[in-house]
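>>> Compute the structure for the input listed below.
(one chain, ligands or ions: 2)
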Amino acid sequence: MITMEDIVREGHPALRKVTDEVELPPSEQDVKTLEAMLEYLKNSQDEQVCDRYGLRPGVGLAAPQINVNKRMLAVHFIDLNDKLYSYGIFNPKIVSHSVERTYLSTGEGCLSVDREVPGYVGRYRRITVKGTDLEGNDLKLRLKDYASIVFQHEIDHLNGVMFYDHIDPDNPFKEPEGAKPVD
Ligand SMILES: O=C(O)C[C@@H](Cc1ccccc1)[C@H](O)SCc1ccccc1
Ligand code: NI
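Ligands and ions are numbered 1, 2, ... in the order given. The predicted structure is shown next:
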């Protein structure tokens with residue numbers, strides 16, 4: 001199982017790489033790795049397992065965060081409309097997005113960042129993501145608000161981008177252009 005020891009922290013070069021496409025159909029190893037990433041998220045949201053293994057709760061995890069240079073990510077969360085998002089996705093791609101932007105008024109955190117970095121992270125309010133799921137099926141997800149933010153945070157990891165790269169260093173709490181907060 002993946003634990004915090006497997007998650008690389010900021011400064012590790014893996015977090016600044018643009019990761020490689022996963023060859024499809026995915027190998028047994030790639031499927032096992034992505035399943036383990038999804039299992040980490042579920043474990044991290046189970047209080048007993050989380051406490052027993054000293055996990056940090058997470059709603060998303062990207063392969064570079066476990067030092068795997070591949071375009072794959074896992075998400076496991078329920079959005080503000082009580083919709084469950086639980087996916088392992090190979091080669092996710094944002095194929096369209098709104099002009100309208102949004103952000104979390106609480107700012108963002110990251111399992112690979114062991115410090116608070118205050119500030120608003122501007123994100124697209126709506127995105128459409130295409131990819132391949134763990135069963136090898138084509139996936140097309142139309143996402144908005146919180147779900148859109150989570151997926152953008154994880155897809156950023158596949159391109160070597162950290163959430164604080166989006167924070168204005170001169171005015172961290174400047175509302176992103178035309179954005180309304182999700183929360
Ligand atoms: O480090 C990661 O990629 C996982 C992040 C994802 C994330 C952070 C902020 C906003 C959207 C996505 C972790 O989930 S941060 C910890 C966390 C835990 C529960 C709820 C929100 C954030
Ligand atoms: Ni992160």
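
>>> only C-alpha atoms for contact and neighbour calcs from this point on.
OK.

>>> Does the residue sitting furthest away from the middle of the chain belong to a helix, a strand or coil?
Distance from the C-alpha centroid of the chain, by Cα atoms, centre = their mean, peaks at residue 170 (25.7 Å). Secondary structure, DSSP: H, G, I helix; E, B strand; the rest coil: residue 170 is coil.

>>> Next, count neighbours for the nearest residue to residue 9 once chain neighbours are set aside.
Spatial nearest neighbour of residue 9, excluding adjacent residues (Cα to Cα, 6 or more residues apart in numbering): residue 112 at 4.2 Å. The tally of other residues near residue 112 (other Cα atoms under 10 Å) stands at 19.

>>> now do the one 5 residues further on
The local packing of residue 117 (other Cα under 10 Å) involves 15 other residues.

>>> Number of residues surrounding the nearest residue to it once chain neighbours are set aside?
Take residue 117 and drop its neighbours on the chain: the residue closest to it by Cα to Cα, 6+ apart is residue 164, 6.9 Å away. By other Cα under 10 Å, 19 other residues sit near residue 164.

>>> how near is the residue nearest to residue 9 to residue 67?
11 Å (Cα to Cα, to the nearest Å).

>>> Residue 49 too?
23 Å.

>>> Does residue 44 touch residue 56 like I think?
Yes - assessed by Cα atoms under 8 Å, residue 44 is found in contact with residue 56 at 6.1 Å.

>>> Please identify every residue contacting each of the two.
residue 50 (Cα atoms under 8 Å, 6 or more residues apart in numbering).

>>> what about the two, which has more around it?
A direct count of neighbours by other Cα under 10 Å for residue 44 and residue 56 places residue 44 higher, at 21 against 16.

>>> Buried by neighbour count: which residues of stretch 6-23 qualify?
By 16 or more other Cα atoms under 10 Å, the buried positions in stretch 6-23 come out as 7-10, 14-19, 22.

>>> mean confidence score for the longest helix along the chain?
Identified as the longest helix of the chain according to DSSP state H is helix 28-44. Confidence for helix 28-44, expressed as mean pLDDT, is 98.
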